[in-house]
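Participant: Pasting the sequence and the predicted model now:
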Amino acid sequence: MFLQFKREVEHILKVALDRASYEPRGQSLELETGEYADITSRIAFALAPRYRKPPESIAQDILLHINEIVARAQAQGGRRTLISKAAAAGPYINFYVSDSYLDATLRGIIGGGAGTVKRGDGMRVIIEHTSANPDGPLHIGHLRNAIIGDTLARVLIHSGYRVETQYYVNDMGRQVGIAVWGASRLKLDERKKGDHAIAEIYIAANRLLEADSSPSHTYQSEVDALMRRYEAGDEEVVKQYEEVVQRCLEGIKATLHRLNIHHDLFVFESRFVRSGAVHRIIEELRRKGCIKTEGSALLLHLDGIEKELVIQRSDGTSLYTTRDLAYHRWKSERCDRMIDIFGKDHELVSQQLRKALLLLGVKPPEIVIFGFVSLPSGSISTRAGRYISADELIEQIEAKAYEEVDKRRRDLSEAKKREIARKVGIGALRYDMVKVSPEKHIVFRLEDALDIEKKGAPFIQYAHARASSILRAARERGINIDFGLDTDSMETVDVALLRDESEVALIKKLAIFEYVLENASSELKLHPVAKYARELAEVFNIFYKNCPVLNAECALREARLVLVYCAKRVLSEVLSVLGIESPEEM
């Protein structure tokens, strides 16, 4: 509903500016949400230099016409406008919602759900995320990539986009070559999860390579030869690679499934070499770019970037970056928007990628860069075997969540406690990965993520469970609360009774859900969505504390049950957007 209110404010403000003889000349209306009004405009500041008048005076000129327009709309029936009034606070023009806005918000949620934004209007989006090398299990650094990518996909889907998520499989890199070489020399532990078994082989193979002191570097040359044969399509080597890569990917998929994450498509970089797409990219860059050679290697100079991009090795084999260019050209032909999720260590690569794609006449992707994530125990290295896998982390956080559930809910069955612990643990992990701006570094602390006082996912889930509990109790008393299913019963409820300060604050918070999602879909920022979920839970808890529901007088009780019902729906919806399950009880 907030989006409709904002559009009405924009329309009335434009009309008022015209009547007051002020011309914005393409400037924005300087609208923002604030603490002291539902929407505030700073347009008077922007106009003051050009018209050489104090911004306070300009604000009063505009306000005069705004009030005339609002008064006329109210005289024609009142409910036709979502604006109750406008007022000036010095140079600021403040707009306030009407009672009809509050009522329409609740009826809109009852009638059509929490509010789905249609900004995307069916546009096709491809999001590439996770894309960890298939040489071992995911660790916590990969998790931030995966959770950001999956959550962003959910936001865009809710915003009306057609989204496809892709995992770009680096099956031609040196790390995979080492794992395949190691698997031909060392025994694979069949009892272990595939990605963990491959990691053991990869770590052991690296130790063999590091210990190889032969002047001819026999082991290194074997790996190099294996990589060349794979790129050439040698059937025997292709089979070896497929066995290792698929075994590792099956383990990675199982981990992602536990996190409520799936990919629509796994794209192997080798396809672009075998199809000739990489060769065509190299030839096109030879014609269009500034290419220099170092031995037999090819380097591409890109304006504004000091470091040159190596597009072909001296032995004639391709590199990840060149294959990535072919992959992005292929993607660009299949969507309207491309979005990549990259770690901070890929900033230079992402800049080179964008410049090279522009040189090729391909629209570059939108890139979300995220900062490093670590554990209090320190840094991560798969090659050295110094990491905590995502599987271990999930086990730890679910075990810790179970301890908390077991302490609080001795009345529940063992199966129910385990179910709640899983939902709370995974929710805590997912929430903590998106609750701050992506470029910021995160030190993930398991205890903090699960602490309900820290107001993370468990705090939000608990608000949902509390709303569910109120509605269950009402149903047990024989009160009809299926408002979304029985629209006739909604017509008998007087939601105009909901004018307590806590009730109004909750309705206003429910109303801005679609607005928060629209901004997230355009700016590709997820932390405001996480912040909104936390604030919604806070406002709901204040309402719960200040406004008795089941013990209220009959008409007010029904109205407050509608508000609880709506709060539950939006809490469930925003948790779903964050990829977090909504427990009915905790």
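Facilitator: Structure's in. What do you need?

Participant: who's in contact with F95?
Facilitator: F95 makes contact with 9, 37-41, 83, 85-86, according to CB atoms under 8 Å, 6 or more residues apart in numbering. Where you see a C-beta, it was placed from the backbone N, CA and C, and this is true even at glycine.

Participant: With just CA atoms, put stretch 251-258 into PDB.
Facilitator: What follows is stretch 251-258, C-alpha atoms only, in PDB (Å, rounded to 0.1, in the frame of the first residue of the first chain):
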ATOM      1  CA  GLY A 251      28.000 -33.400  -2.100                       C
ATOM      2  CA  ILE A 252      27.800 -29.600  -2.600                       C
ATOM      3  CA  LYS A 253      24.200 -29.900  -3.800                       C
ATOM      4  CA  ALA A 254      23.300 -31.900  -0.600                       C
ATOM      5  CA  THR A 255      24.800 -29.100   1.600                       C
ATOM      6  CA  LEU A 256      23.000 -26.400  -0.300                       C
ATOM      7  CA  HIS A 257      19.700 -28.300   0.000                       C
ATOM      8  CA  ARG A 258      20.100 -28.200   3.800                       C
END
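
Participant: Can you list the buried residues in the helix or strand hosting L325?
Facilitator: Per DSSP states H and E: L325 is located in helix 320-332. Residues 320, 322-332 are the ones in helix 320-332 that count as buried (16 or more other CB atoms under 10 Å).

Participant: nearest spatial neighbour of E453, skipping sequence neighbours?
Facilitator: F459 (7.8 Å; CB to CB, 6 or more residues apart in numbering).

Participant: Quick check: the gap between the one you found and I198.
Facilitator: Distance, F459 to I198, using CB to CB, to the nearest Å: 38 Å.

Participant: same thing with S100?
Facilitator: 61 Å.

Participant: More neighbours: which of those two?
Facilitator: Remark: of S100 and I198, I198 carries more neighbours, 29 against 18, as counted by other CB atoms under 10 Å.

Participant: And the strands in the chain?
Facilitator: Secondary structure of the chain (DSSP state E): strands located at 31-32, 39-41, 83-89, 92-97, 124-128, 162-169, 265-268, 290-294, 297-302, 305-312, 337-343, 366-370, 373-374, 442-443.

Participant: quick one, what contacts G122?
Facilitator: For G122, the contacting residues are 160-162, by CB under 8 Å, 6+ apart.

Participant: Next: E535.
Facilitator: By CB under 8 Å, 6+ apart, the contact set of E535 is K509.

Participant: do you know how far it is from L506?
Facilitator: 11 Å.

Participant: now M227
Facilitator: From M227 across to L506, the span is 60 Å (CB to CB).

Participant: okay, the angle between the helix holding L325 and strand 124-128?
Facilitator: Helix 320-332 runs at 160 degrees relative to strand 124-128, counting by axes from the mean of the first three to the mean of the last three CA atoms, to 10 degrees.

Participant: other SSEs contacting helix 320-332?
Facilitator: Contact here means 3 or more CB pairs under 8 Å, 6 or more residues apart in numbering; DSSP states H and E; on that basis helix 320-332 packs against strand 162-169, helix 270-274, helix 277-288, strand 305-312, strand 337-343, helix 347-359.

Participant: Hey, what's the angle from that helix to strand 337-343? Just curious.
Facilitator: Using the same axes, to 10 degrees: helix 320-332 against strand 337-343 is 150 degrees.

Participant: export helix 320-332 as CSV, just CAs?
Facilitator: Only the C-alpha atoms of helix 320-332 are listed here, as CSV (Å, rounded to 0.1, in the frame of the first residue of the first chain):
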residue,chain,number,x,y,z
TYR,A,320,39.2,-19.1,-16.6
THR,A,321,38.8,-15.5,-17.5
THR,A,322,38.6,-16.2,-21.2
ARG,A,323,36.1,-19.0,-20.7
ASP,A,324,34.1,-16.6,-18.4
LEU,A,325,33.8,-14.1,-21.3
ALA,A,326,32.3,-16.8,-23.5
TYR,A,327,29.9,-17.8,-20.6
HIS,A,328,28.7,-14.3,-20.2
ARG,A,329,28.1,-13.8,-23.9
TRP,A,330,26.1,-17.0,-23.8
LYS,A,331,24.1,-15.7,-20.8
SER,A,332,23.5,-12.3,-22.3
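
Participant: For the nearest residue to H328 once chain neighbours are set aside, the count of nearby residues, please.
Facilitator: Closest residue to H328 apart from its sequence neighbours, by CB to CB, 6+ apart: L357 at 5.8 Å. L357 sits with 19 neighbouring residues when counted by other CB under 10 Å.

Participant: and what of L226?
Facilitator: Number of residues near L226 (other CB under 10 Å) recorded here: 20.

Participant: and this protein, what are its domains?
Facilitator: 2-97, 129-374, 390-577 (automatic domain parsing).

Participant: Out of those domains, flag the one nearest A104.
Facilitator: Checking the domains of the chain against A104 by CB to CB gives domain 2-97 as the closest, at 7.3 Å.

Participant: Ends of that closest one, what's the gap?
Facilitator: One end of domain 2-97 sits 9 Å from the other (CA to CA, to the nearest Å).

Participant: State the mean pLDDT of that domain.
Facilitator: Domain 2-97 carries an average pLDDT of 90.

Participant: Same question for stretch 403-423.
Facilitator: Here the average pLDDT along stretch 403-423 is 94.

Participant: If we go by neighbour counts, what in stretch 261-271 is buried?
Facilitator: For stretch 261-271, by 16+ other CB under 10 Å, it's 261, 263, 266-271.

Participant: er, stretch 571-583 actually
Facilitator: 571-575, 577-583.

Participant: Pipe the residues you listed into CSV and attach distance to P54 and pLDDT per row.
Facilitator: Output for those, formatted as CSV (distance: CB to CB, whole Å; pLDDT from 0 to 100):
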residue, distance to P54, pLDDT
L571, 45, 98
S572, 49, 97
E573, 45, 96
V574, 42, 98
L575, 47, 98
V577, 44, 97
L578, 45, 98
G579, 50, 98
I580, 49, 98
E581, 54, 97
S582, 51, 97
P583, 55, 96
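
Participant: and the two most separated of these?
Facilitator: Maximum pairwise distance among these (CB to CB): 16.6 Å, between V577 and P583.

Participant: for the stretch 351-500 of the chain, which spans come out with low pLDDT?
Facilitator: The stretch 351-500 of the chain contains residues with pLDDT under 70 at 377-387, 484-490.

Participant: sorry, that was for the stretch 101-250 of the chain
Facilitator: Ranges of the stretch 101-250 of the chain meeting pLDDT under 70: 113-119, 213-217.

Participant: Switch the buried residues of stretch 261-271 over to TSV; also include pLDDT and distance to L299.
Facilitator: Putting the buried residues of stretch 261-271 into TSV (pLDDT from 0 to 100; distance: CB to CB, whole Å) gives the following:
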residue	pLDDT	distance to L299
I261	98	37
H263	98	33
F266	98	31
V267	97	26
F268	97	26
E269	95	21
S270	94	23
R271	94	25
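
Participant: among those residues, which two are most distant?
Facilitator: I261 and S270 (24.1 Å).

Participant: Just to check, F370 is in contact with G343?
Facilitator: Yes: taking CB atoms under 8 Å as the definition, F370 is a contact partner of G343 at 6.1 Å.
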